[in-house]
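> Sharing a model prediction with you, sequence too.
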Amino acid sequence: MRTGHPLLVILGPTASGKSALAIRLAERLAGEILACDSTQVYRDFDIGTGKDIAEYRGTSQHLVGLIGALEGFTAGDYKEHARRVLAQVTARGHLPIVTAGSGLYLRAFLEGLSPLPRRSPELRARLVQCAGERGGAYLHRMLARLDATSARAIAPRDVPKIVRALEVYFQARRPRSELFAAGRDALEGYVVIKLGLLPPRPDLYRRIDERVEQMLAAGWLDEVRRLLQRFPPTAKPFGFLGYRQLVAHLRGELTFTEAVKRIKHETRQFAKRQITWFRKEPDVRWFAGFGDDPAIQREVLAYIGELLPAASANSSA
RNA sequence: GCCGGGGUAGCUCAGAGGUAGAGCGCGGCCCUGAAAAGGCCGGCGUCGGCGGUUCGAUUCCGUCCCCCGGCA
């Protein structure tokens, strides 16, 4: 039996109501919220990343708006930031509640990463140029020569993963697969309670459509217009789901109707991928509904009450 | 009503006398520092209905129904 401070993790696809549930739990259990979201770490890109949708009231939310549009950010960076904030929240005697939509970031945070070389923009630029000149399959053949194990695990057309594997090899002079053997730096000192939100698929898809409409009604398109005056269109957050389509619309490449249609559609596909990723996450207690549903909230509180008698005892508010 | 074009997967469409395919969609899945990224797998079907010819018809013939143009 592992011991340590309790750490709540709420995971689930986009629009499943993670924030609403987190806020409710934070109010009841003296918690602080830590976002685990690869897009919310960016400043200024607020409406489309869902930052402005939830009503946080007095609850404090961390790991949101950390960096500027022109900065890079990785799963490793997230792990470092998140663990630092986690320690602070715990030191304050509050219950940390993580809302997780980015599977890779959550894994880096909880399970850690193997000690691999970090990203190298220069090296990448060269590799990508190489791929452009000699064709994508060229890089895969190169990887097969240098790190056969990784080459077998990565599809020849999966360029981003091939590039990463080569980037690791050229910096470490050792194949990625060997470096993995060192293991991961898992989070220690916490008892992790994972709550999964999984509403019925048709309901979730309907909710996604509604949420996109809400974001647009909140002035999303204007936000994009303003951001385009401040940052070059190549800035990473303009590539996020939704921002990508709205930028295309503002450039005259898509009608507004078509852009909205694509945003809804691609968001549904994204939610499906999130579900696939989270399904194999170990030790998750699943709830078949939305996090803003009072019935689900009661179920969750009851479940937590069993696991944390102390927490429920002083949460009679 | 007449002439022409067309009815094949959820959608757009290709195809051929031996019970059918593509793209998208949809579903399943993968993932160790750009992950809201990227990739892999799966055809999910009364080939409009009914007759006929044929060993065999979704394909050929007849007929009916429906859609789109044009002429009335």
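In hand now; what should we look at? Residues are numbered from 1 along each chain as shown, chains lettered A, B, ... in the order given.
> and residue A:70, how many residues sit next to it?
Residues near residue A:70, counting by other C-beta atoms under 10 Å, number 11. C-beta: built from backbone N, CA, C; applies to glycine.
> Ok, the one 10 residues further on next?
Other residues lying near residue A:80 total 12 when counted by other C-beta under 10 Å.
> same question, residue A:164
18.
> Against RNA strand B, how distant is it?
Relative to RNA strand B, residue A:164 is positioned 5 Å away (criterion: C-beta to the nearest atom of the strand, to the nearest Å).
> Now the residue of the stretch 1-150 of chain A found nearest RNA strand B. Nearest residue, chain neighbours left out?
Closest to RNA strand B within the stretch 1-150 of chain A is residue A:76: 2.5 Å, counting by C-beta to the nearest atom of the strand. What sits nearest to residue A:76 in space, not counting adjacent residues and going by C-beta to C-beta, 6 or more residues apart in numbering, is residue A:113, at 5.8 Å.
> Around RNA strand B, pick out the residues from the stretch 101-250 of chain A.
Along the stretch 101-250 of chain A, the residues adjacent to RNA strand B under the rule C-beta under 7 Å from any atom of the strand are A:101-105, A:107-108, A:113-116, A:118-119, A:124, A:128, A:153, A:155, A:157-161, A:163-164, A:168, A:176, A:180, A:183-184, A:201, A:236, A:239-242.
> Select from the residues you listed every entry located in helices.
Secondary structure from DSSP state H places A:103-105, A:107-108, A:124, A:128, A:153, A:159-161, A:163-164, A:168, A:176, A:180, A:201 of these in helices.
> Please pick the buried ones from those residues.
Neighbour counting with 16 or more other C-beta atoms under 10 Å marks A:103, A:105, A:107-108, A:159, A:161, A:163-164, A:168, A:176, A:180 as buried within these.
> Any idea which helix or strand in chain A has the lowest mean pLDDT?
helix A:309-313 (a mean of 55; mean pLDDT, DSSP states H and E).
> Which residue lies nearest the spatial centre of chain A?
With distances taken as C-alpha atoms, centre = their mean, residue A:102 lies nearest the centre of chain A, 2.1 Å away.
> show me the contacts for it.
By C-beta atoms under 8 Å, 6 or more residues apart in numbering, residue A:102 lies in contact with A:36-38, A:78.
> same check, this time on residue A:153
Applying C-beta under 8 Å, 6+ apart, no residues contact residue A:153.
> where's it relative to residue A:5, distance?
With distances taken as C-beta to C-beta, to the nearest Å, residue A:153 is found 36 Å from residue A:5.
> what does residue A:296 give?
The spacing between residue A:296 and residue A:5, counted by C-beta to C-beta, is 25 Å.
> More neighbours: those two, which one.
Ranked by neighbour count (other C-beta under 10 Å), residue A:296 and residue A:5 place residue A:296 first, with 22 against 17.
> leaving aside the residues next to it on the chain, what's closest to the residue nearest to the centre of chain A?
With C-beta to C-beta, 6+ apart, the residue lying closest to residue A:102 is residue A:38, at 4.3 Å.
> Tell me who's in contact with the one you found.
By C-beta under 8 Å, 6+ apart, residue A:38 lies in contact with A:73, A:75, A:78, A:102, A:104-105.
> same thing with residue A:62?
A:32-35, A:85, A:89.
> Highest neighbour count among those residues?
Result: residue A:35 is most packed of the contacts of residue A:62 (other C-beta under 10 Å), 29 neighbours.
> In contact with whatever residue of the stretch 201-317 of chain A ends up closest to RNA strand B, which residues are there?
Distances between the stretch 201-317 of chain A and RNA strand B by C-beta to the nearest atom of the strand are smallest at residue A:241, namely 3.2 Å. Residue A:241 makes contact with A:48, A:263, A:266-267, A:270 under the criterion C-beta under 8 Å, 6+ apart.
> now swap in residue A:180 and tell me
residue A:114.
> quick one: it from residue A:77, how far?
20 Å.
> What of residue A:255?
37 Å.
> The two: who's more crowded?
Between residue A:255 and residue A:77, counted using other C-beta under 10 Å, residue A:77 has the larger neighbour count: 18 against 10.
> would the more buried one count as being in a strand?
No. Per DSSP: H, G, I helix; E, B strand; the rest coil, residue A:77 lies outside any strand segment and is helix.
> low pLDDT regions in chain A?
Along chain A, segments meeting pLDDT under 70 span A:1-2, A:52-56, A:310-317.
> For the longest helix along it, which outside residues touch it?
If you go by DSSP H, chain A has its longest helix at helix A:256-279. For helix A:256-279, contacts defined as C-beta under 8 Å, 6+ apart pick out A:11-15, A:101, A:103, A:196, A:198, A:204-205, A:208-209, A:212, A:216, A:221, A:241-242, A:245-246, A:248-249, A:254, A:284.
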